[in-house]
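Enquirer: Here is a sequence together with a model predicted from it:
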Amino acid sequence: MTHAPTIPKRRNAAWVKTSLGVLLTAVMLFPVYWMLNVSFTRDQDMRKSPPDLFPTHGTFEGYRAVLDEQLPYLGTSLVIGLGTVVLTVALAAPAGYALAKLRPRGGGVLGFLLLVAQMVPGIIMAMGFYAIYLQLGLLQSVPGLIVADSTLAVPFAVLIFTAFMSGIPGELIQAAQMDGARALRTFWSIVLPMSRNSVVTVSLFAFLWSWSDFVFASTLANGGAHEPITLGIYHYIGNNNQQWNAIMATAVVASLPATVILVLAQRYVAAGVTAGAVKD
Amino acid sequence: MTHTTQSPERRLVPDRNGAATAAPPLARTRPRRRPRPRSQLGVPPGEAWGRAAWAFLAPVTLYLALFYAYPLYRNLDLSLRDYTVRSFVQGDAPFTGLANYRTVFDDPTFAPALVHTVVFTVVCLFFQYALGLALAVFFNQNFRLSATLRALFLVPWLLPLIVSASTWSWMLNSDSGIVNSTLHSLGIAPVNWLTSPSWSLTSVIIANIWIGVPFNLVVLYSGLQSIPESLYEAASLDGASAWRRFWSITFPLLRPVSAITLLLGLVYTLKVFDIIWIMTKGGPADSSTTFATWSYQLGFGNLLPAFGPGAAVGNLLVAAALVFGLIYLKVQRKQALS
């Protein structure tokens, strides 16, 4: 903001700012570009010095390797992600409703515990889960990983639902003398449909986090028949150090959900997250 | 610029790994909302009411007990017993009190791990915050394309950590990495980013700063949005330079948001594990080991797992995270009240 600028000068300054912004974004996103570039690079060009800045001799070898070797991992991740979404919404939406609208005694303590729960490092949770799953025989199982991954999202989801649902006008809910059955019906036919945005938001984040999870995957699912894509990449790095185009191609494919969400659903994310933002 | 009536503080919704979801609007949507009365129901809660409410809360309460409290309890139990692989399965390990903790304190890795954890956390927080703030101030000027570019800045934060970590690994590769090749063209000798003990910690710090900047940008940007434009106009009329306006208006008024951002960042940086493990496995020779990776190393990284000491290290980390976490909640609550 220049001091009392003339109009052409201001237009000029705006242009400079936009260029600077584009430049900064380009620097920030360079690693993402590099991932794409390497994913198209031929094996024989991989160790070239200096490396090619553009995939001039582009190849799809890396992506072919993804199709040949990584599809089961991607499928597992998809199943686990969807499972986590269902579990998270099923647990968190009723809880958010109760905390926002029914406000029982002791609800505040529960909300506080949820906040604290988010601060426990994942690696500690993983060790506890490992001990429990070992006894229950749930190691390397899909349901086990779904439950573990849902711990990443449930507290956040309850917070989002609580914040969003407390914005639903009380008259709509007509809560006087509500008994259990009526509360359930109100929740199902009024509150839940009205909270569509927050359901989408919670689902997006729950999916993204479970899709990206590495800690639980590497402790609870390692070596099993159903390993998620994060482990697929991890094994790739460990096993064939040479095929970086395949590794980066897998990384690109693993980034697709995040990209899709950013492009298509950014408004949903913004809307829901804003609802979670402002306290009344 | 419409000035909304919302209070300057906003709740941050935390999440995993060093980052956190910012409460505030990510993009164009500007919140337009009136202050709401505290209770919208105005109905005195009865007994049946409370029962119905707890019926809705029962699943999540049970869930917290089974999948948060119980794993934590098991972890505590692990750290207080002498576990071997056999007794781990059979569950009859002898109780040894604080012996595991003593083992951990006496371990030659303890001091380096502590130092690395502190350095990693402090350096990451400083740069994430400083860069995030600078970018937030820059994007707050609302030039053409600013909303789109700001949204693009979120990409590093949304990517799976394994993707970011492996991309950085390849970029920092000693022989074929783009970083060393750029240094070479500038006449600087190549650096063994990931394989030299004196550089490995720096490398993981760089990668983690890259991941954390978007979160800081988004939260601080939302904080900037709530500073009245009129203050800047007044200062401008008084002839204050941009630099001066930043230090006497922006920075002081942003203090509440900054405090929350930093505290939340602290809690989440303490537990960063994926990035370090994937890039360096804490090595070479423990040169980038933090408590998080050390705990994993002890419990899962060796052929012969040391579950007891691993859990003990983990619990030290939990304790630290909880202390700062509670400070965060206290600060947040105080700001909400004022």
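Expert: Thanks, I have it. Residues are numbered from 1 along each chain as shown, chains lettered A, B, ... in the order given.
Enquirer: Nearest residue to B:Phe127 in space, ignoring adjacent ones along the chain?
Expert: Take B:Phe127 and drop its neighbours on the chain: the residue closest to it by CB to CB, 6 or more residues apart in numbering or on different chains is B:Ile209, 4.7 Å away. Just so you know, the C-beta spots here come from the backbone N, C-alpha and C atoms, and that holds for glycine as well.
Enquirer: just checking, what packs against the one helix or strand the one you found maps to?
Expert: Per DSSP states H and E, B:Ile209 falls inside helix B:200-225. Here helix B:200-225 touches helix B:110-139, helix B:146-152, helix B:155-158, helix B:161-171, helix B:255-270, helix B:274-280, going by 3 or more CB pairs under 8 Å, 6 or more residues apart in numbering or on different chains; DSSP states H and E.
Enquirer: now those as CSV including mean neighbour count and mean pLDDT?
Expert: Output for the helices and strands packed on helix B:200-225, formatted as CSV (neighbours: other CB atoms under 10 Å in any protein chain shown; pLDDT from 0 to 100):
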stretch, mean neighbour count, mean pLDDT
helix B:110-139, 19, 93
helix B:146-152, 18, 86
helix B:155-158, 21, 86
helix B:161-171, 25, 91
helix B:255-270, 22, 84
helix B:274-280, 26, 91
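Enquirer: Chain neighbours aside, what residue packs nearest to whichever residue of chain A sits closest to chain B?
Expert: Going by CB to the nearest CB, chain B is nearest to A:Gly128 of chain A, at 2.7 Å. Leaving aside its sequence neighbours, A:Gly128 sits nearest to B:Pro71 (CB to CB, 6+ apart; 2.7 Å).
Enquirer: hang on, the one you found packs against A:Tyr133?
Expert: No. Taking contacts as CB atoms under 8 Å, B:Pro71 lies outside contact range of A:Tyr133: 9.7 Å.
Enquirer: where do the contact lists of these two overlap?
Expert: Shared contacts of B:Pro71 and A:Tyr133 (CB atoms under 8 Å, 6 or more residues apart in numbering or on different chains): none.
Enquirer: residue contacts, the residue of the stretch 51-200 of chain B found nearest chain A?
Expert: The stretch 51-200 of chain B approaches chain A most closely through B:Pro71 (2.7 Å), counting by CB to the nearest CB. When contacts are counted by CB under 8 Å, 6+ apart, B:Pro71 touches A:Ile124, A:Met125, A:Met127, A:Gly128, A:Phe129, A:Ala131, A:Ile132.
Enquirer: again, but for B:Thr117
Expert: B:Thr117 touches B:Leu270, B:Thr290, B:Phe291, B:Ala292, counting by CB under 8 Å, 6+ apart.
Enquirer: okay, who's weakest in the residues you listed by pLDDT?
Expert: Within the set of the contacts of B:Thr117, pLDDT is lowest for B:Leu270 (86).
Enquirer: you'd agree that residue is up against B:Thr121?
Expert: Yes. In this structure B:Leu270 lies within contact range of B:Thr121 using CB under 8 Å: 5.8 Å.
Enquirer: The helix or strand hosting A:Leu36 packs against which elements?
Expert: Per DSSP H and E, A:Leu36 falls inside helix A:30-39. Packing contacts for helix A:30-39, counted by 3+ CB pairs under 8 Å, 6+ apart, involve helix A:244-264, helix B:155-158, helix B:161-171.
Enquirer: Dump the ones you listed into TSV; add distance to A:Leu114 as well.
Expert: Shown next, in TSV, are the helices and strands packed on helix A:30-39 (distance: least, CB to CB, whole Å):
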stretch	distance to A:Leu114
helix A:244-264	24
helix B:155-158	23
helix B:161-171	23
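Enquirer: right, so of those helices, which gets closest to B:Trp277?
Expert: Each of these has some distance to B:Trp277 by CB to CB; the shortest is helix B:161-171, at 8.2 Å.
Enquirer: Does the helix or strand just after the closest one reach chain A?
Expert: Scanning forward in sequence from helix B:161-171 by DSSP H and E, the next helix or strand is helix B:178-185. Yes. Helix B:178-185 lies within reach of chain A by CB under 8 Å from any CB of the partner chain, at B:Ile178, B:Ser181, B:His184, B:Ser185.
Enquirer: Among those residues, find me the one that's closest to B:Ala336.
Expert: B:Ile178 (45.8 Å).
Enquirer: where does the chain have low pLDDT?
Expert: Looking at chain A here, since you left the chain open. Scanning chain A for pLDDT under 70 picks out A:1-11, A:174-181, A:240-242, A:267-280.
Enquirer: that answer is for a different chain, and I need it for chain B
Expert: B:1-49, B:89, B:91, B:338.
Enquirer: Just the ones in helices from the contacts of B:Thr117, please.
Expert: Among those, the ones falling in helices (DSSP state H) are B:Leu270, B:Phe291, B:Ala292.
Enquirer: about what we covered before: is there a neighbour count for the residue nearest to B:Phe127? I'd like the number.
Expert: 21 (other CB atoms under 10 Å in any protein chain shown).
Enquirer: residues in contact with it?
Expert: Counting by CB under 8 Å, 6+ apart, B:Ile209 makes contact with B:Val123, B:Cys124, B:Phe127, B:Gln128, B:Leu131.
Enquirer: Kindly report the same for A:Gly106.
Expert: B:Trp54.
Enquirer: try B:Leu135
Expert: Residues near B:Leu135 by CB under 8 Å, 6+ apart: A:Leu24, B:Phe153, B:Val213, B:Leu217.
Enquirer: Show me which of the residues you listed are buried.
Expert: Buried members of the contacts of B:Leu135, scored by 16 or more other CB atoms under 10 Å in any protein chain shown, are A:Leu24, B:Phe153, B:Val213, B:Leu217.
Enquirer: would you list the residues you listed in JSON lines and tack on distance to A:Thr59?
Expert: Putting those into JSON lines (distance: CB to CB, whole Å) gives the following:
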{"residue": "A:Leu24", "distance to A:Thr59": "31"}
{"residue": "B:Phe153", "distance to A:Thr59": "31"}
{"residue": "B:Val213", "distance to A:Thr59": "33"}
{"residue": "B:Leu217", "distance to A:Thr59": "36"}
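Enquirer: From those, pick the one nearest B:Tyr101.
Expert: Taking CB to CB as the measure, B:Tyr101 lies nearest B:Val213 of the buried ones among the contacts of B:Leu135, at 36.1 Å.
Enquirer: Surely that closest one touches B:Leu133?
Expert: No. At 10.0 Å, B:Val213 does not count as touching B:Leu133 under the criterion of CB under 8 Å.
Enquirer: what's A:Met194 in contact with, if anything?
Expert: So A:Met194 contacts A:Ile168, A:Leu172 (CB under 8 Å, 6+ apart).
Enquirer: before we move on, back to that, could you point out which element follows the helix holding A:Leu36?
Expert: helix A:61-65.
Enquirer: is the helix or strand following that next one anywhere near chain B?
Expert: Using DSSP H and E, the helix or strand that follows helix A:61-65 towards the C-terminus is helix A:71-97. Yes. Applying CB under 8 Å from any CB, one finds that helix A:71-97 is in contact with chain B at A:Ala90, A:Leu91, A:Ala92, A:Pro94, A:Ala95, A:Tyr97.
Enquirer: what does stretch A:139-151 give?
Expert: Yes. Counting by CB under 8 Å from any CB, chain B has neighbours in stretch A:139-151: A:Val147, A:Ala148, A:Ser150, A:Thr151.
Enquirer: From the residues you listed, which land in helices?
Expert: Among the residues of stretch A:139-151 next to chain B, the members falling in helices (DSSP H) are A:Val147, A:Ala148, A:Ser150, A:Thr151.
Enquirer: Highest neighbour count among these?
Expert: Within these, most neighbours by other CB under 10 Å means A:Ala148, with 30 neighbours.
Enquirer: mind listing what that residue touches?
Expert: A:Met125, A:Ala126, A:Phe129, A:Phe216, A:Leu220, B:Phe67.
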